[in-house]
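Peer 1: Give me a model of this one.
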Amino acid sequence: MSLILQTVEMHTAGEPVRIIADGWPRLHGTTLLEKRREAKANHDHLRRLLMAEPRGHADMYGALLVEPDHPEAHLAVLFLHNEGYSTMCGHAVIALGRYAVDQGLVPAVEPETVVNIQCPCGLVRAIVEVTGGKAGAVRFDSVPAFAFALDKMVETRDWGPVTVDIGYGGAFYAFLPADSIGLDVETSPIRDLTDAGEKIALAAAEQIKLEHPEEPDLAFLYGAILTDGRDDWQAGEAGATRNVCIFAGRQVDRSPTGSGVTARIALQHARGLIAPGQCRLFRSVTGQDFTGEVVETTRIGRHRAVVARIGGHAYYSGTARFTAEPDDPLRGGFLLR
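Peer 2: Numbering: from 1, shown residues only. Prediction:
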């Protein structure tokens with residue numbers, strides 16, 4: 001066996017997190033974004049090997065721990081998926097918060113341990129509940145999130161003009177109520193929601209020019225999020241507001257999407273629909289919830305922004321030791337849709 005990669009397998013609300021524990025070559029970039037570019041240029045075959053079949057699948061998600069360059073960070077991470085490298089991933093941050101405490105990467109302190117995680121979009125503060133030395137639920141404080149555009153018209157081949165909001169929560173997303181295109185996030189087939197999300201994301205990315213106020217590498221549309229339209233839904237009321245995120249082409253997030261929930265909260269705040277301290281519940285396609293609230297208002301560049309606090313639970317699902325034989329014609333991985 002010419003290659004051995006070891007991983008710890010976790011999931012957050014059903015969305016996988018494959019943490020690469022050993023076997024990936026050391027990255028030499030000075031900054032995390034340089035390491036991200038280096039991983040893409042020099043080691044992308046390893047991403048494909050771990051994310052794609054036969055070791056992964058079209059909806060696999062990964063996390064590669066690397067050396068941080070932020071002075072306050074305990075660790076840094078690159079996020080991997082079937083198409084490439086994300087700039088932020090809330091469900092993975094929740095898993096990594098628990099993982100960092102359980103593995104002793106950060107000394108456990110009861111009742112809460114803070115784990116500062118440097119993501120490509122910036123520093124994220126994870127707050128890990130610890131009882132009897134065991135890590136439990138995790139909340140994280142986001143990078144500044146903002147509404148980039150409200151009520152933006154996008155032309156589509158299937159539905160004509162549709163109205164979307166563009167929100168940033170560590171990554172940019174296009175949001176729209178599913179019923180505006182004749183779908184329902186709770187009852188419509190996942191295939192129909194996936195088709196719609198992919199088409200709207202492609203149309204929005206082509207027609208809306210994005211700008212990040214601090215880092216050009218972050219200025220791309222990551223995906224589309226279809227919602228139930230209940231943006232003033234309160235956590236104390238019966239039920240939660242639902243959404244489904246389609247990203248990286250046709251990848252469907254099983255979790256409520258941490259960075260997507262962050263962006264949605266920023267949009268709600270921009271419309272005056274949520275105030276600091278109000279807690280909301282956001283439900284995913286698996287029926288699992290994240291909590292979300294505004295903990296701080298701020299600015300980033302010309303944008304009014306918020307810091308959102310998102311909470312959820314991550315669980316271990318196993319460990320793995322992956323190999324690749326030199327003469328395997330499919331050692332590089334493949335995807336069937």
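Peer 1: okay, now the domains of the chain?
Peer 2: For the chain, the structural domains run 3-141+316-324, 145-311, going by the TED database.
Peer 1: phi, psi of Ile300?
Peer 2: When quoted as degrees, to the nearest 10, the phi and psi of Ile300 stand at phi -140, psi 110.
Peer 1: Near it, how many other residues are there?
Peer 2: Look at Ile300: counted by other Cβ atoms under 10 Å, it has 16 neighbours. The way it works is simple: take the backbone N, C-alpha and C, and place the C-beta from them, glycine included.
Peer 1: What of Leu202?
Peer 2: Neighbours of Leu202 (other Cβ under 10 Å): 16.
Peer 1: could you check the distance from it over to Arg55?
Peer 2: Separation of Leu202 from Arg55 (Cβ to Cβ, to the nearest Å) stands at 28 Å.
Peer 1: can you map out the strands along the stretch 51-200 of the chain?
Peer 2: Secondary structure of the stretch 51-200 of the chain, counting by DSSP state E, counting those that start in this stretch: strands at 62-66, 75-80, 85-86, 112-119, 122-131, 134-141, 145-156, 160-168, 172-177.
Peer 1: quick one, what contacts Pro213?
Peer 2: By Cβ atoms under 8 Å, 6 or more residues apart in numbering, the contact set of Pro213 is 300-303.
Peer 1: let's see it at 10 Å
Peer 2: Taking Cβ atoms under 10 Å, 6 or more residues apart in numbering, we find Pro213 in contact with 144, 146, 148, 168, 219, 299-303, 305.
Peer 1: May I see the ChimeraX selection of the buried members of these?
Peer 2: In ChimeraX, this line selects whichever of the contacts of Pro213 come out buried by 16 or more other Cβ atoms under 10 Å:
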select :144,146,148,168,219,300,303,305
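Peer 1: TSV for the contacts of Pro213, including distance to Arg191 and pLDDT?
Peer 2: Below are those laid out as TSV (distance: Cβ to Cβ, whole Å; pLDDT from 0 to 100):
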residue	distance to Arg191	pLDDT
Pro144	35	97
Phe146	32	98
Phe148	29	98
Tyr168	28	98
Ala219	30	95
Arg299	41	96
Ile300	37	96
Gly301	39	94
Arg302	40	94
His303	35	96
Ala305	35	98
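Peer 1: Quick check: of the contacts of Pro213, which lies closest to His91?
Peer 2: The shortest approach to His91 among these belongs to Tyr168, at 17.5 Å (Cβ to Cβ).
Peer 1: what are the ranges of the helices in the chain?
Peer 2: Shown for the chain, the helices assigned by DSSP state H span residues 32-42, 44-51, 90-102, 190-207, 258-270.
Peer 1: In CSV, list those along with distance to Pro276 and mean pLDDT.
Peer 2: Output for these, formatted as CSV (distance: least, Cβ to Cβ, whole Å; pLDDT from 0 to 100):
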stretch, distance to Pro276, mean pLDDT
helix 32-42, 29, 95
helix 44-51, 38, 96
helix 90-102, 19, 98
helix 190-207, 29, 97
helix 258-270, 9, 98
